[in-house]
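# Sequence and predicted structure are below.
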Amino acid sequence: MERSEVWNKVDEYFGNKLLPSDSTLEQVLLKNKEADIPEIDVSPAQGKFLYLLTKIKAIKNVLEIGTLGGYSSIWFARALPEHGKVYTLEIDPDFAKVAKENIRNAQCEHKVEVLVGEALDTLPKLKADGLLFDLFFIDADKQNNPQYLKWALELANPGALIIADNVVRDGLVVDVESTDERVQGVREFVDLLENNPRLESTAIQTVGSKGYDGFIMSVVK
Ligand SMILES: C[S@@+](CC[C@H](N)C(=O)[O-])C[C@H]1O[C@@H](n2cnc3c(N)ncnc32)[C@H](O)[C@@H]1O
């Protein structure tokens, strides 16, 4: 069996055991497919992981950069208390439209603000509005990860979590010579984390239905 086949089977096994079937989330993925939205959302297991983290830390406000069809936004929203909020930033108005529908269908509308536009234009507005966040999920254009980290530090409550997805990129992250600007963005992001006195960080490699990748998690002091 191919390694990726094994990863899929193992994801399926744990999914069947630990993630009860969820017609709302399944519907989200179906709607995304119908709208030709790429299948680059987090996997169900990863979504549940984000949900659990949000619950464990009793997070109240989440800032997500990269909405796509709203799949991870819904996981976050479900983990928040009634008065909690997810602000999620999306550049593509068509994706944002589908995300808003999915979020409405999942009955999470009151907890999620989908903000359409270039994230680097939206972030200063959040700061001007005096918003602060307990958890950041950086999951958009990787070349801008260094900028997103700087903004997360501007907008973080003490003790906030910063999670950046897709940092392994099938192992390409260790390619010093890479001309892929996404790889360069991740490497620059890691350089900013290295010895940063405000952050404690780790990186976890993952395999599963989304292939070989990983995420970085940092805590703001
Ligand atoms: C990996 S997907 C997000 C997946 C989503 N978090 C999930 O797990 O369901 C990345 C998203 O970031 C959006 N994006 C890319 N560049 C962006 C930018 N500069 N500003 C805002 N959104 C951006 C893309 O359009 C895409 O929808």
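Cool, got the structure. Numbering: from 1, shown residues only.
# Would you mind naming what in this structure lies close to the ligand?
40-42, 66-68, 71-72, 89-92, 95, 118-119, 139-141, 144 (Cβ under 6 Å from any ligand atom). (C-beta placed from N, C-alpha, C; glycine too.)
# can you give me the helices in this protein?
With helices called from DSSP state H, the chain shows them at 3-18, 23-34, 44-56, 71-79, 93-105, 119-128, 145-155, 181-193.
# how about these, which one is nearest Asp213?
Closest to Asp213 of these is helix 44-56 (Cβ to Cβ; 9.5 Å).
# Asn61 and the ligand: what is the separation?
In this view, Asn61 and the ligand are 17 Å apart by Cβ to the nearest ligand atom, to the nearest Å.
# Wait, that residue touches Gly130, no?
No. Asn61 lies out of contact with Gly130 (Cβ atoms under 8 Å); the separation is 11.9 Å.
# Between these two, which is the more surrounded one?
Asn61 (19 against 7; other Cβ atoms under 10 Å).
# which non-adjacent residue is nearest that one?
Of all residues beyond its chain neighbours, the one nearest Asn61 is Phe133 (4.7 Å), with distances taken as Cβ to Cβ, 6 or more residues apart in numbering.
# Spatially, which residue comes closest to the residue sitting furthest away from the middle of the chain, not counting chain neighbours?
Distance from the C-alpha centroid of the chain peaks at Met1, with 30.5 Å (Cα atoms, centre = their mean). Excluding the flanking residues, the one nearest Met1 by Cβ to Cβ, 6+ apart is Lys9, at 7.9 Å.
# Just the pLDDT for Asn195.
As predicted, Asn195 sits at a pLDDT of 88.
# about what we covered before: quick check: which of the helices of the chain has the most neighbours on average?
helix 71-79 (a mean of 25; mean count of other Cβ atoms under 10 Å).
# State which strand of this protein is the longest.
Once the chain is assigned using DSSP state E, the strand that runs over the most residues is strand 156-165.
# Show me what that one is in contact with.
Here strand 156-165 makes contact (Cβ atoms under 8 Å, 6 or more residues apart in numbering) with 42, 50, 53, 57, 59, 61, 132-139, 145, 148-149, 152, 186, 189, 199, 213, 215-221.
# try it again with 7 Å
42, 53, 57, 132-139, 145, 149, 152, 189, 215-220 (Cβ atoms under 7 Å, 6 or more residues apart in numbering).
# cool, stretch 175-193 as well?
142-146, 149, 164, 167, 169, 172-173, 199, 201, 218.
# Could you do stretch 82-90 as well?
Taking Cβ under 7 Å, 6+ apart as the rule, stretch 82-90 contacts 60-67, 73, 76-77, 80, 96, 99, 111-116, 119, 122, 126.
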